[in-house]
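Visitor: Provided below are the primary sequence and the corresponding predicted coordinates.
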Amino acid sequence: MTAGRALDALVAERVMGYKVVEEKIHDIDNFGDAYVVSKSSIYNYSTSIAAAWEVVERMRERKVLVIINDTGGSYRARFFTQQERWRIDEWVARPDEALTVWAATAPLAICLAAVKAMS
């Protein structure tokens, strides 16, 4: 999946906990346990490092840690639960292909890894 509005909507739903709708009168309303947001008001999570860092903070609220590496030509990211902390050193040495994401930008790597972790 590439950076853009489709990925931003997926992040908003799966990671941030929003219910995404086509359009609505207000940008954000609270309905029960989920906030409802219009597609046009979703942050640019996959292209803005500031918005992507909100994804990191949301995952931290869930006690899920992230490691992000600049590999010299791309970025790699993976989220870990508190119970998996012991695997971090192992991952740095030998990244697990199934759970690690490589991307051209840090925001994209963060978003793809977060969606994968929440799937």
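Guide: That came through, no problem.
Visitor: residue contacts, residue 73?
Guide: With contacts taken as CB atoms under 8 Å, 6 or more residues apart in numbering, residue 73 has no neighbouring residues. For glycine as for every other residue, the C-beta is placed from the backbone atoms N, C-alpha and C.
Visitor: pretty sure it is in a helix, no?
Guide: No. With DSSP: H, G, I helix; E, B strand; the rest coil as the criterion, residue 73 is assigned coil and is not in a helix.
Visitor: Quickly note the distance from it to residue 2.
Guide: The gap separating residue 73 from residue 2 is 17 Å, by CB to CB, to the nearest Å.
Visitor: Read off the pLDDT value for residue 69.
Guide: At residue 69, the model reports a pLDDT of 91.
Visitor: so where does it fall, helix or strand?
Guide: Following DSSP states H and E, the helix or strand that holds residue 69 is strand 64-70.
Visitor: mind listing the helices in this protein by residue range?
Guide: Listed in chain order, the helices found in the chain under DSSP state H are 5-14, 49-61, 88-93, 106-118.
Visitor: what about stretch 77-97, average pLDDT?
Guide: Stretch 77-97 comes out with an average pLDDT of 63.
Visitor: again with stretch 37-47
Guide: Per-residue scores along stretch 37-47 average to 89.
Visitor: And the contacts of it?
Guide: For stretch 37-47, contacts defined as CB under 8 Å, 6+ apart pick out 3-5, 7-9, 11-12, 18-24, 27-28, 51-52, 54-55, 105, 107-108, 110-111.
Visitor: same deal with stretch 15-24?
Guide: For stretch 15-24, using CB under 8 Å, 6+ apart, the contacting residues are 9, 12-13, 31, 33-40, 42, 54-55, 58-59, 111, 114-115, 118.
Visitor: The same query, at a cut-off of 10 Å, please.
Guide: Taking CB atoms under 10 Å, 6 or more residues apart in numbering as the criterion, the residues outside stretch 15-24 that touch it are 8-13, 28-29, 31-43, 45, 54-56, 58-59, 62, 64, 79, 110-111, 114-115, 117-118.
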